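Trainee: Below: sequence and its predicted model.
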Amino acid sequence: MVVLNKIYTRTGDDGTSGLGSGERRSKSDLRFEAIGTIDELSAAIGLARVAPPGCGDLDPMLARIQNDLFDLGADLAVPDRTDKRERLRVVEAQVTRLEREIDALNADLAALTSFILPGGTPPAAALHFARTVARRAERIMVALNAREPLNPAALTFVNRLSDFLFVAARVANDGGTSDVLWVPGENR
């Protein structure tokens, strides 16, 4: 086995990068924008996981989601073309698991009577930030899907993930008791 000690390859010095299919595209390509935003989302979740006092029971779910996001990045890195070789794709089971977790976490939360401002505890604020990154990733993926069809399960997964992160932020806000509620017109 050959082990490379250098992190740089110089292959991207011309402003291009390679997809998992071997195809090279501009680093400004929408597909790389989607892949990069998914990477940013994983990093935002990582920040939530280490924010004091920690994410408690949410942590194993968040760790699994970070792994799922690498699956999503791999899915996005190989455009769905006529090549029928087996590729790593997000699957409906990953969406279903998120839905079950959302339902279970939400069952113990008080009903919402107001919009919630990002904030409260440090982990909750970080999860709210991750939620906004997930929404941006979804917008980019929807735009990409209009140009090049994406795996439908991948689109559903990123949509459901922002819902999960919202509920998880409420859980991290002491079960919603530390949620920061929006008060319309308060500063007028």
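Mentor: Yes, it's here. Numbering: from 1, shown residues only.

Trainee: Check which residues of the helix ranked longest in the chain are buried.
Mentor: When the chain is scanned for its longest helix (criterion: DSSP state H), the result is helix 122-147. The neighbour-count check on helix 122-147 (16 or more other CB atoms under 10 Å) flags 122-131, 133-138, 140-141, 144-145 as buried. Every residue, glycine included, has its C-beta placed from N, CA and C.

Trainee: Repeat that for stretch 47-66.
Mentor: Ala48, Arg49, Ala51, Cys55, Leu58, Met61, Leu62, Ile65.

Trainee: What is the lowest-pLDDT residue among these?
Mentor: On pLDDT alone, Cys55 ranks lowest of the buried residues of stretch 47-66, at 89.

Trainee: Give me the distance between that residue and Ile35.
Mentor: Relative to Ile35, Cys55 is positioned 25 Å away (CB to CB, to the nearest Å).

Trainee: now swap in Arg97 and tell me
Mentor: To Ile35, Arg97 is 22 Å away according to CB to CB.

Trainee: Who has more neighbours out of these two?
Mentor: With neighbours defined as other CB atoms under 10 Å, Arg97 and Ile35 compare such that Ile35 has more, 24 against 17.

Trainee: need the contact list for that one.
Mentor: For Ile35, the residues meeting the contact criterion (CB atoms under 8 Å, 6 or more residues apart in numbering) are Gly73, Leu76, Ala77.

Trainee: The last one contacts Gly22, doesn't it?
Mentor: Which is Ala77. No. In this structure Ala77 lies outside contact range of Gly22 using CB atoms under 8 Å: 10.7 Å.

Trainee: who has more neighbours, the two?
Mentor: Ala77 (19 against 8).

Trainee: Among the contacts of Ile35, name the ones in helices.
Mentor: In this view, those that belong to helices under DSSP H are Gly73, Leu76, Ala77.

Trainee: Without its sequence neighbours, what residue ends up closest to the last one?
Mentor: Translated: Ala77. Spatial nearest neighbour of Ala77, chain neighbours left out: Gly20 (3.9 Å); criterion: CB to CB, 6 or more residues apart in numbering.

Trainee: That neighbour contacts Asp80, correct?
Mentor: No. The pair Gly20 / Asp80 is not scored as a contact, 11.4 Å apart, by CB under 8 Å.

Trainee: Now the common contact residues for the two.
Mentor: Counting by CB under 8 Å, 6+ apart, the common neighbours of Gly20 and Asp80 are Arg87.

Trainee: which residues of the chain fall in helices?
Mentor: Applying DSSP H to the chain gives helices spanning 30-50, 59-77, 92-107, 122-147, 152-172.

Trainee: need the ones you listed in a markdown table with distance to Ser178, can you?
Mentor: As requested, these are exported to a markdown table (distance: least, CB to CB, whole Å):
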| stretch | distance to Ser178 |
| --- | --- |
| helix 30-50 | 15 |
| helix 59-77 | 18 |
| helix 92-107 | 15 |
| helix 122-147 | 7 |
| helix 152-172 | 9 |
